[in-house]
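Participant: got a predicted structure plus its sequence, pasted below:
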Amino acid sequence: VALVESGGGSVQSGGSLRLSCTAPGFNMDEYAVAWFRRAAPGKEREPVSCNSVRDGRTYNADSVKGRFTIFRDSASNTVYLRMNDLKPEDAGVYYCAAEGEICPVIVDKWGQGTLVTVSS
């Protein structure tokens with residue numbers, strides 16, 4: 001299922017953003033959800049953060065540990081990625097995906113993504 005990402009923008013280094021991921025008609029609480037980043041066109045999307053629904057565990061890339069937090073809001077059927085202390089290397093297009101109950105998430109369809117730019 002292709003999900004809908006939003007919340008990207010332009011911030012200065014050290015700033016914060018909160019990305020949103022949702023899918024109308026699709027219950028996000030039934031699936032593991034992951035965020036990915038593509039740093040530049042032509043580069044592979046790399047996993048950033050993932051939350052398993054079966055056991056609630058969360059996995060973060062080493063580069064974002066302590067700065068990024070993935071969390072769910074069941075009432076709004078949304079999964080968020082809170083990004084603090086942003087660095088220029090965090091920039092890119094962020095995508096979310098949902099599949100199965102545990103991480104990692106296998107993606108067969110990508111959404112449009114949301115663009116994050118970080119200036120130094």
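Facilitator: In hand now; what should we look at? Numbering: from 1, shown residues only.
Participant: so, low pLDDT: which residues of the chain?
Facilitator: Scanning the chain for pLDDT under 70 picks out 1.
Participant: please enumerate the strands of it.
Facilitator: 4-6, 9-12, 17-22, 33-38, 46-51, 58-60, 68-73, 78-83, 92-98, 114-119 (DSSP state E).
Participant: looking at these, which is closest to residue 108?
Facilitator: strand 92-98 (8.6 Å; CB to CB). The C-beta positions use only the backbone N, C-alpha and C, and glycine is treated the same way.
Participant: residue nearest the centroid of the protein?
Facilitator: When the chain is reduced to its mean C-alpha position, the nearest residue by CA atoms, centre = their mean turns out to be residue 35, at 2.7 Å.
Participant: what residues are up against that residue?
Facilitator: Residue 35 makes contacts with 19, 21, 47, 48, 49, 50, 70, 81, 94, 95, 96, as judged by CB atoms under 8 Å, 6 or more residues apart in numbering.
Participant: same thing with residue 107?
Facilitator: 34, 36, 45, 97, 99 are the contacts of residue 107 under CB under 8 Å, 6+ apart.
Participant: so the fourth one touches residue 110, yeah?
Facilitator: Yes. Contact between residue 97 and residue 110 holds when scored by CB atoms under 8 Å: they sit 7.1 Å apart.
Participant: okay, these two: which has more neighbours?
Facilitator: residue 97 (26 against 16; other CB atoms under 10 Å).
Participant: ok, and the closest non-adjacent residue to that one?
Facilitator: In this structure, residue 97 finds its nearest non-sequential neighbour in residue 107, 4.2 Å apart by CB to CB, 6 or more residues apart in numbering.
Participant: would you mind measuring from the one you found to residue 89?
Facilitator: Distance from residue 107 to residue 89, counting by CB to CB, to the nearest Å: 22 Å.
Participant: cool, and residue 23?
Facilitator: According to CB to CB, residue 23 and residue 89 sit 29 Å apart.
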